[in-house]
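> I would like to see how this sequence folds:
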Amino acid sequence: MPNSPIQTEPKVAALNSPNIQAERLAQLRRLMPDLFDGEGKLDETALQALIQPDNASPTLERFRFEWVGKHQSKRLAFAPSQGTLVMDKARSIDFESTQNLIIEGDNLEVLKLMQVTYFEKVKCIYIDPPYNTGNDFIYQDNFGESKKAYWMKNGTMKDGVRLTSISEANGRRHSNWLNMMQARILLARQLLRPDGVIFISINDVELKNLIALMNEVFGEENFIANLVWTNKEGGSGSDSEFFRIKHEYILCYAKDIDTLTINGVEISNIARYTETDEYEETRGKYYLQKLGMASIQYSPSLDYPIESPDGTNILPSSEGEGACWRWSKRKYEEGFKSGFIVFKKDAQNNWHIYTKQYLNCDNNGIIIERTSRPFGVIDKYSSIQATKALQNLFGVKIFSYPKPVDLISYLINLVTLKNENDIVLDFFSGSGTTGESVMQVNTKDDGNRKFILVQIPEYTAENSIAYSTGYKTISAMCIDRVKRAGSKIRAEHPKTPIDTGFRVFNLTESHFPENLFTPDPDKTDEENRAALETHLNAPRQQNIFTDAIFKDLVTELAIKNGFGLFYTLERLETFPANAIYRISGNDKAALLCLDKDLQEATVEQLEAHRNEQFFCSRQNLDTTKKWALQAAFKDNLWVI
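Below is the predicted model:
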């Protein structure tokens, strides 16, 4: 046993989601320590001096987007979650092999719990949030609620939060909607990869507010497009007094537009590629395009003579006043040698020069799969057809106007690649369209994309078809829809190795007593600390590490300490005196023991694993064992 004293205490394992506000302040302090006082607190005067020009008045007017509750909403987004997720194997499909997730619970808390595992891991987010029309529902985030966990209000603990409607008469209707959206968008942005993209469906009611919010959270420079989706068929349209409205919008923003790639779509003019030559086998068919054009900006470097087959010179002005060639002289010479140039005479015996536009080859001779830029108007994939498709899947009209699978598939194809294991997240998943869309896209190109769906267990109306069919919550409908869609895909493509399974997890309160204690605002900090100590030492808290909830405890530790929801747990048989496990996931691993009593023999054996992390219950450690483990593991020792 070492003869030097232990200088540090064991690290404490994370028992809730990250304190994002503290992390943001820590990042700011690392970059600009002069903005903080001697106690490490942000100096607001120093910050104001930094951001305010020298000649500005203290009441400098500026453009900004404000609403009631904005700052409380932001604080709520960055406050840690003390909840957890528990696995629901009974409702899962292919639990052991799948990499897809369906999470039942309030999306704000779930997004917080995802921060450690999925920080900058998601390639594409698609959401279809409430449009705030007065007929839909708004998530009621109570910023002053502190004595009960968010998901426990209204007496519900594991069934989620019942949503309540916001009427047109409510003066804070737009503010309430923005508060709900801001908190979730802030968290969602942190999950996106640097090259990630978010799509948000919306209509006219909150369009301008959503654009302003997205510009503030993502930055106006990361705006990609406001796509117009024609969602109604034929002569149908909304009952607008003045215009027949047949469209909605899909806002598109990049995490970092400098790293953005939008995949091309199938070319619309493929019928033009009809000509053949000796290069057809590699380059494909082609059509001719004039080299000289008057419709492009004139440049002297593009104005040069080209010798024709009969030795005469051809100038670009032959194509019109102010015309020039599309290619530089050097590129023309390279193209002529490579067979890209064609000379033709017109009816007046005048020479014209053409370039060959090949289907499978660019103008530099590189073999490509030719695509075109997508249009900003999506004029297909109607809501009516989506409703019919879902009705065919269930046998009854169970959900009105879901988003079409083909629409979401189209968006996914714009930003993901088949072999990159791209993650697609939908945290307003509704009936589960995004899950089915990911599976359909993978089926068509043998891709490896994964989906994460989050849906609050909102109750269906008791007079609805869904309720009478047995779906008491929308989340239950979502789970069954993805299950049915997966079965259909497997039946239609039995030889295609597509992941049509999913793991179901439910949001619930934490298993750790620290997260079940609520400070009394009427007591002093010292009194609350003493009350917490009493709470932690209560007999019922001392016995939380029971076999009955062992897997749920491990799952909570995995979520909050970075091992993720697809961790593996292996018991090490080389430790006969205690149950020692190796937990692995998300490219990290550690040893774990939740036994009530850590035997001396085990402590001695553990010294051989000093280079690994070790998580154990603080109840396991008397002073001697703690001293021995700390000496062996040093910074690798974590207590729970």
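> Can you list the low-confidence ranges for this protein?
For the chain, applying pLDDT under 70 flags the ranges 1-8, 34, 37-39, 46, 49-62, 135-171, 234-240, 535-545.
> Please point out which parts of stretch 446-458 sit buried.
Residues of stretch 446-458 classed as buried by neighbour count (16 or more other CB atoms under 10 Å): Gly447, Asn448, Arg449, Lys450, Phe451, Ile452, Leu453, Val454, Gln455, Ile456, Pro457, Glu458. From N, CA and C alone the C-beta is placed, and that goes for glycine too.
> So which of those are in strands?
Here DSSP state E is the test, and the buried residues of stretch 446-458 give Lys450, Phe451, Ile452, Leu453, Val454, Gln455 as lying in strands.
> neighbouring strands for the one helix or strand Arg193 maps to, and are they parallel or not?
In this assignment (DSSP states H and E), Arg193 forms part of strand 192-202. Partner strands and pairing direction for strand 192-202 (DSSP bridges) are strand 122-127 (parallel), strand 247-254 (antiparallel).
> between the ones you listed, which one is nearest to Ile489?
Across the strands paired with strand 192-202, Ile489 has its closest neighbour in strand 122-127 (19.3 Å, CB to CB).
> export that closest one as PDB, just CAs?
Taking Å, rounded to 0.1, in the frame of the first residue of the first chain, the C-alpha atoms of strand 122-127 are listed here in PDB:
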ATOM      1  CA  VAL A 122     -26.600  14.700 -35.700                       C
ATOM      2  CA  LYS A 123     -26.400  15.400 -39.500                       C
ATOM      3  CA  CYS A 124     -30.100  16.300 -40.200                       C
ATOM      4  CA  ILE A 125     -32.900  17.600 -38.000                       C
ATOM      5  CA  TYR A 126     -36.500  17.700 -39.300                       C
ATOM      6  CA  ILE A 127     -39.300  18.900 -37.100                       C
END
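> got the angle for it vs strand 450-455?
Interaxial angle, strand 122-127 versus strand 450-455 (axes from the mean of the first three to the mean of the last three CA atoms, to 10 degrees): 30 degrees.
> Now for Cys343, how many residues are close by?
Residue 343: Phe, not Cys. Phe343 has 16 neighbours, counted by other CB atoms under 10 Å.
> Confirm that it sits in a strand.
Yes - Phe343 forms part of a strand when assessed by DSSP: H, G, I helix; E, B strand; the rest coil.
> Going by secondary structure, the nearest residue to it once chain neighbours are set aside is in what exactly?
Closest residue in space to Phe343, ignoring its immediate chain neighbours: Pro309 at 5.4 Å, by CB to CB, 6 or more residues apart in numbering. Using DSSP H and E, Pro309 falls within no helix or strand.
> ok, the residue lying closest to Leu227 once chain neighbours are set aside to Phe399 distance?
Counting by CB to CB, 6+ apart, Leu227 lies nearest to Ile250, which is 4.2 Å off, once chain neighbours are set aside. Note on Ile250: its distance to Phe399, by CB to CB, to the nearest Å, is 20 Å.
> Then Glu334?
Glu334 is 57 Å from Phe399, where distance means CB to CB.
> and those two? which has more neighbours close in?
Phe399 (25 against 16).
> for that one, what are its contacts?
Thr387, Leu390, Gly430, Ser431, Ala466, Met477, Arg481 (CB atoms under 8 Å, 6 or more residues apart in numbering).
> Serialize the residues you listed to JSON lines and add fields for secondary structure, neighbour count and distance to Lys625.
Formatted as JSON lines, those follow (DSSP: H, G, I helix; E, B strand; the rest coil; neighbours: other CB atoms under 10 Å; distance: CB to CB, whole Å):
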{"residue": "Thr387", "secondary structure": "helix", "neighbour count": "17", "distance to Lys625": "63"}
{"residue": "Leu390", "secondary structure": "helix", "neighbour count": "26", "distance to Lys625": "58"}
{"residue": "Gly430", "secondary structure": "coil", "neighbour count": "21", "distance to Lys625": "51"}
{"residue": "Ser431", "secondary structure": "coil", "neighbour count": "27", "distance to Lys625": "53"}
{"residue": "Ala466", "secondary structure": "helix", "neighbour count": "21", "distance to Lys625": "56"}
{"residue": "Met477", "secondary structure": "helix", "neighbour count": "24", "distance to Lys625": "51"}
{"residue": "Arg481", "secondary structure": "helix", "neighbour count": "24", "distance to Lys625": "52"}
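> Distance to Ile198 added to those residues, as JSON lines?
Listed next are the contacts of Phe399 as JSON lines, based on distance: CB to CB, whole Å:
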{"residue": "Thr387", "distance to Ile198": "25"}
{"residue": "Leu390", "distance to Ile198": "24"}
{"residue": "Gly430", "distance to Ile198": "17"}
{"residue": "Ser431", "distance to Ile198": "20"}
{"residue": "Ala466", "distance to Ile198": "29"}
{"residue": "Met477", "distance to Ile198": "25"}
{"residue": "Arg481", "distance to Ile198": "23"}
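> picking up where we left off before, what number of residues lie near the residue nearest to Phe343?
Per other CB under 10 Å, the neighbour tally for Pro309 reads 8.
> likewise Pro80?
Neighbour tally, Pro80, other CB under 10 Å: 19.
> any idea which element it lies in?
Using DSSP H and E, Pro80 falls outside every helix and strand.
> can I assume it is in contact with Lys112?
Yes - in this structure, Pro80 is within contact of Lys112 by CB atoms under 8 Å, at 6.9 Å.
> what do the two both touch?
By CB under 8 Å, 6+ apart, the residues touching both Pro80 and Lys112 are Ser17, Pro18.
> Val12: how many residues sit nearby?
Other residues lying near Val12 total 11 when counted by other CB under 10 Å.
> May I have the beta-bridge partners of it?
With DSSP bridges as the rule, Val12 is bridged to Val639.
> ok, it to Ser617 distance?
For Val12 relative to Ser617 (CB to CB), the value is 12 Å.
> shared neighbours, those two?
In contact with both Val12 and Ser617: Val639, Ile640, using CB under 8 Å, 6+ apart.
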